[in-house]
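Visitor: From the sequence below, what's the structure:
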Amino acid sequence: MAWVTLFFAGLFEIGWAVGLKYTEGFTRLVPSVLTAAAMLASILLLGVALKTLPLGTAYAVWTGIGTVGTAVLGMWLFGEPAGALRLLCIAAIVGGIVGLKVLHG
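Guide: Prediction:
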């Protein structure tokens, strides 16, 4: 169950990272409130997952999910570059996430 909680914490991390773009420097109320709510949810869920998962593993997976999701959404939503080397680096992060999950199942 801790891994599922950690996964959702990572999804909320993606939400707040992408949400930051929509806040336009926290000048737009609704995106700012939603971004802050996603930040809070992400941290709270990470805290719950840390009750049973090792700190280093959980934090690395949490940030990895956030990094990969944010990079992919940046390419999709904002037209950021999607070159082969960038995609290879993203794949390496995914490999690290999977490796940590397998090692600490």
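Visitor: going forward, measure contacts between C-alpha atoms and count neighbours the same way
Guide: Fine.
Visitor: In three-state terms, label the residue nearest the centre of the chain for me.
Guide: The residue lying closest to the centre of the chain (CA atoms, centre = their mean) is residue 66, at 1.6 Å. The three-state label given to residue 66 by DSSP: H, G, I helix; E, B strand; the rest coil is helix.
Visitor: wait, doesn't it sit right on residue 18?
Guide: No. In terms of CA atoms under 8 Å, residue 66 does not count as a neighbour of residue 18; the distance is 9.7 Å.
Visitor: Can you tell me how far the residue of the chain most remote from its centre is from residue 64?
Guide: Most distant from the centre of the chain: residue 27, at 23.3 Å, with distances by CA atoms, centre = their mean. Distance of residue 27 to residue 64, given as CA to CA, to the nearest Å: 28 Å.
Visitor: could you point out where this structure is predicted with low confidence?
Guide: For the chain, the stretches with pLDDT under 70 are 105.
Visitor: Could you tell me which residues within the particular helix or strand that has residue 60 in it count as buried?
Guide: Taking DSSP states H and E as the criterion, residue 60 maps to helix 55-78. Counting neighbours by 16 or more other CA atoms under 10 Å, one finds that the buried residues in helix 55-78 are 58-59, 61-74.
Visitor: for stretch 8-25, same thing?
Guide: 8-20, 22-23.
Visitor: can you list contacts of that stretch?
Guide: Contact partners of stretch 8-25, identified using CA atoms under 8 Å, 6 or more residues apart in numbering, comprise 26, 28-32, 34-36, 38-39, 41-46, 61-67, 69-70, 73-74.
Visitor: same thing with stretch 55-71?
Guide: Under CA under 8 Å, 6+ apart, the answer for stretch 55-71 is 6-7, 9-11, 13-14, 17-18, 46, 49-50, 90, 93-94, 97, 100, 104.
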